[in-house]
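J.: Sequence unavailable; structure follows:
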C-alpha cells in the first residue's frame, strides 16, 4: 500500500478483485496506506465532450 496501491472491500468485508465484482450503488471501502475511505461503486458513463468545428478565420481572428 505504501507504493500507491489500494485494497477494495465490499460491505461484507470481502475483497473485490476485479471491476466485474462491482455493481452500481454498491458500498465499498477503499484501504490506502494512510487509512480508509468510503465509496460507492458505479459504472455510469461519463458525458462525452462535444467539439464543434471552428473555421480558420474564426479561430485566429480576421486580419482586416
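T.: Good, I have the coordinates. Just so it is clear, the model here is predicted, and its values are computed rather than measured.

J.: What sits closest to residue 23 if chain neighbours are left out?
T.: Among residues not flanking residue 23 along the chain, residue 41 sits closest, at 6.1 Å (C-beta to C-beta, 6 or more residues apart in numbering). (C-beta placed from N, C-alpha, C; glycine too.)

J.: Next, work out how far apart that neighbour and residue 63 are.
T.: Separation of residue 41 from residue 63 (C-beta to C-beta, to the nearest Å): 54 Å.

J.: Could you pull up the mean pLDDT of the helix or strand harbouring residue 29?
T.: Here residue 29, judged by DSSP states H and E, is contained in strand 27-32. Averaged across strand 27-32, the pLDDT comes to 96.

J.: hmm, who's touching that strand?
T.: Contacts with strand 27-32, where a contact means C-beta atoms under 8 Å, 6 or more residues apart in numbering, come from 1, 6-11, 16, 22, 36-41.

J.: rerun that using 10 Å as the cut-off
T.: Residues external to strand 27-32 that are found in contact with it (C-beta atoms under 10 Å, 6 or more residues apart in numbering): 1-2, 4-11, 13, 15-16, 21-22, 36-42.

J.: I'd like the distance between the residue nearest to residue 23 and residue 30.
T.: Residue 41 is 11 Å from residue 30, by C-beta to C-beta.

J.: Also residue 37?
T.: 5 Å.

J.: shared neighbours of the two, anything?
T.: In contact with both residue 37 and residue 30: residue 6, using C-beta under 10 Å, 6+ apart.

J.: who's more crowded, these two?
T.: residue 30 (14 against 11; other C-beta atoms under 10 Å).

J.: Quick one: the strands in the protein, in order.
T.: 7-10, 27-32, 35-40 (DSSP state E).

J.: want to throw those into JSON lines with distance to residue 51?
T.: Output for the strands of the chain, formatted as JSON lines (distance: least, C-beta to C-beta, whole Å):
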{"stretch": "strand 7-10", "distance to residue 51": "35"}
{"stretch": "strand 27-32", "distance to residue 51": "34"}
{"stretch": "strand 35-40", "distance to residue 51": "31"}
